[in-house]
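> below are the sequence and a predicted model; questions follow.
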Amino acid sequence: MMKPSVSLLCKLGSIAVHVEELLSADGHEFDRIELDSLLRDPEVRAWMKEMDAAAMLPKKRSAR
């Protein structure tokens, strides 16, 4: 969890860039589609599960 692979770091960086682009004035639906794909990626999901188990992720408002 604390030593992510290079591929995971690339995916997490891509998530950050696509969020920035989506929130920009010229955001595009492509960014939303790519975010959805990245957030469903098995490596990203496994990392998020580990981070959540260690209480290192914020809780989703919908989870309350």
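That came in fine, so what should we check first? Residues are numbered from 1 along each chain as shown.

> pull the contacting residues for Lys11.
By CB atoms under 8 Å, 6 or more residues apart in numbering, Lys11 lies in contact with Leu38, Asp41, Glu43, Val44. Glycine gets a C-beta too; all of them are placed from N, C-alpha and C.

> show me where the protein has its helices.
Secondary structure of the chain (DSSP state H): helices located at 6-23, 29-39, 42-53.

> buried ones in the first one, by neighbour count?
Judged by neighbour count (16 or more other CB atoms under 10 Å), helix 6-23 contains these buried residues: Lys11, Ser14, Ile15, His18, Glu21.

> what angle do it and helix 29-39 make?
Calculated by axes from the mean of the first three to the mean of the last three CA atoms, to 10 degrees, helix 6-23 forms an angle of 150 degrees with helix 29-39.

> now stretch 47-64, how far from the centre of its chain.
For stretch 47-64, the separation from the chain centroid amounts to 12 Å (computed by CA atoms, centre = their mean, to the nearest Å).

> distance to Lys59 and mean pLDDT added to the helices of the chain, as JSON lines?
Formatted as JSON lines, the entries for these read as follows, by distance: least, CB to CB, whole Å; pLDDT from 0 to 100:
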{"stretch": "helix 6-23", "distance to Lys59": "19", "mean pLDDT": "97"}
{"stretch": "helix 29-39", "distance to Lys59": "16", "mean pLDDT": "97"}
{"stretch": "helix 42-53", "distance to Lys59": "8", "mean pLDDT": "97"}
